[in-house]
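*Asks:* sequence? don't have it. structure:
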Ligand code: PLP
């Protein structure tokens with residue numbers, strides 16, 4: 001199964017906006033002997049013996065992440081982005097407190113207060129969304145906040161192609177006395193390179209996953225400049241909601257953070273944006289509608305709201321040709337969440353493979369060809385062969401290593 005997955009990853013074009021290819025060094029750390037070690041607690045304050053090297057590796061991950069984002073405190077133990085967000089709420093809220101986050105159907109994440117999620121069950125959650133132009137209207141968010149008076153405002157998204165104005169969110173949070181919580185899971189790699197506004201001067205607490213644009217192992221992190229919040233977060237993670245940290249994953253986080261601190265990271269982040277921009281330009285030129293009319297970051301949202309096929313149809317047609325994306329709800333959605341009227345396409349993984357504007361222009365045109373004649377299976381077979389050849393020219397892994 002692992003070999004089959006390797007084959008899939010190296011013969012398809014990976015364009016899911018939340019995925020990436022980690023380096024072999026990150027995977028080696030993840031598969032290392034640290035997987036055997038219990039290290040409940042924090043560096044130099046553990047409940048188990050034999051933690052001297054676990055202490056060093058966790059401290060290294062903390063130091064590196066603080067250096068990347070210019071922040072004072074970090075917790076690198078969350079097993080995932082959702083765990084990180086759960087810990088923020090557990091640290092700063094009581095059950096039933098009000099939270100205000102971006103609506104799931106407008107690009108927010110489940111953990112920002114969606115009703116089927118713990119964040120919508122344990123807390124009294126309210127939402128803001130995007131306008132029909134696909135953008136957040138900050139004045140509208142301010143109005144909602146003034147009515148709801150939430151204890152926490154969550155900003156950050158899973159499917160939003162435009163820059164998030166953390167400064168404006170801070171003004172809104174201050175106007176109602178709310179804590180500002182920024183979830184930068186999708187854009188963290190861009191923030192790290194100065195390619196997206198940083199939330200650290202504005203947000204009281206910031207979380208991220210480590211496996212999306214940060215290109216590390218699957219996991220989460222929590223960061224803050226506030227010592228009191230940092231202490232509460234540490235207790236919320238352990239003993240609050242987790243037991244032993246995954247030291248092997250923390251070692252892999254340290255490796256990934258080391259890669260981010262290298263000068264090449266800036267080039268990578270710039271290229272992610274240039275590639276997404278190229279994709280947006282080609283798709284618009286070929287007559288497709290993009291939510292918000294373009295992109296400022298690593299993803300584009302294509303809308304088929306005025307077309308006779310759905311996001312699910314588009315997802316399947318692209319999958320048939322070896323392009324992996326995901327269907328996505330769009331503003332003004334008329335179809336069910338299982339069908340949708342859009343797809344989300346991201347550039348981070350193929351940028352890791354070394355693809356640039358030329359390849360994204362080619363891929364964008366192939367996507368347009370497929371979607372312009374969505375039931376043409378003969379065309380899909382022909383394009384699949386061309387795209388497989390392209391994917392194999394840019395593989396990042398070799399069979400001998402894995
Ligand atoms: N926050 C945002 C904005 C996300 O997009 C995601 C994942 O898609 C998460 C949190 C949750 O991360 P995980 O899947 O690691 O729990």
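*Replies:* Perfect, thanks for sending it. What you see is a predicted model, and the numbers here were worked out from it, not measured in a lab.
*Asks:* At which residues are the strands of the stretch 201-350 of the chain located?
*Replies:* 205-209, 220-224, 289-290, 299-303, 323-324, 326-328, 342-346 (DSSP state E, counting those that start in this stretch).
*Asks:* The stretch 51-200 of the chain now?
*Replies:* So, for the stretch 51-200 of the chain - with DSSP E, counting those that start in this stretch - the strands run 73-75, 98-102, 124-128, 152-155, 179-183.
*Asks:* close to the ligand, is stretch 95-103?
*Replies:* No: applying CB under 6 Å from any ligand atom, one finds stretch 95-103 out of contact with the ligand, separated by at least 8.9 Å. C-beta here means a position set from N, CA and C on the backbone, and glycine is covered the same way.
*Asks:* now the end-to-end length of that stretch.
*Replies:* 20 Å (CA to CA, to the nearest Å).
*Asks:* same thing with stretch 216-230?
*Replies:* End-to-end distance (CA to CA), stretch 216-230: 23 Å.
*Asks:* Any idea which of the strands of the stretch 201-350 of the chain gets closest to residue 29?
*Replies:* strand 220-224 (15.7 Å; CB to CB).
*Asks:* So what angle separates the directions of that closest one and strand 179-183?
*Replies:* 140 degrees (axes from the mean of the first three to the mean of the last three CA atoms, to 10 degrees).
*Asks:* and residue 114, which of the strands of the stretch 201-350 of the chain is closest to it?
*Replies:* When the strands of the stretch 201-350 of the chain are compared by CB to CB, strand 326-328 sits nearest residue 114, at 15.0 Å.
*Asks:* For the ligand, tell me whether the closest one is touching it.
*Replies:* No: using CB under 6 Å from any ligand atom, no contact is recorded between strand 326-328 and the ligand, whose separation bottoms out at 10.4 Å.
*Asks:* Sketch out the low-pLDDT regions of the stretch 251-400 of the chain for me.
*Replies:* 400 (pLDDT under 70).
*Asks:* rewinding a little: export the strands of the stretch 51-200 of the chain as JSON lines, with columns for mean pLDDT and mean neighbour count.
*Replies:* Converted to JSON lines, those look like this (pLDDT from 0 to 100; neighbours: other CB atoms under 10 Å):
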{"stretch": "strand 73-75", "mean pLDDT": "98", "mean neighbour count": "22"}
{"stretch": "strand 98-102", "mean pLDDT": "98", "mean neighbour count": "25"}
{"stretch": "strand 124-128", "mean pLDDT": "98", "mean neighbour count": "21"}
{"stretch": "strand 152-155", "mean pLDDT": "98", "mean neighbour count": "28"}
{"stretch": "strand 179-183", "mean pLDDT": "98", "mean neighbour count": "25"}
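*Asks:* Residue 77: what's it in contact with?
*Replies:* By CB atoms under 8 Å, 6 or more residues apart in numbering, the contact list for residue 77 reads 58, 237, 238, 242, 245, 246, 250.
*Asks:* Would you mind telling me which of the strands of the stretch 51-200 of the chain is nearest residue 320?
*Replies:* Ranking the strands of the stretch 51-200 of the chain by proximity to residue 320 (CB to CB) places strand 98-102 first, at 32.2 Å.
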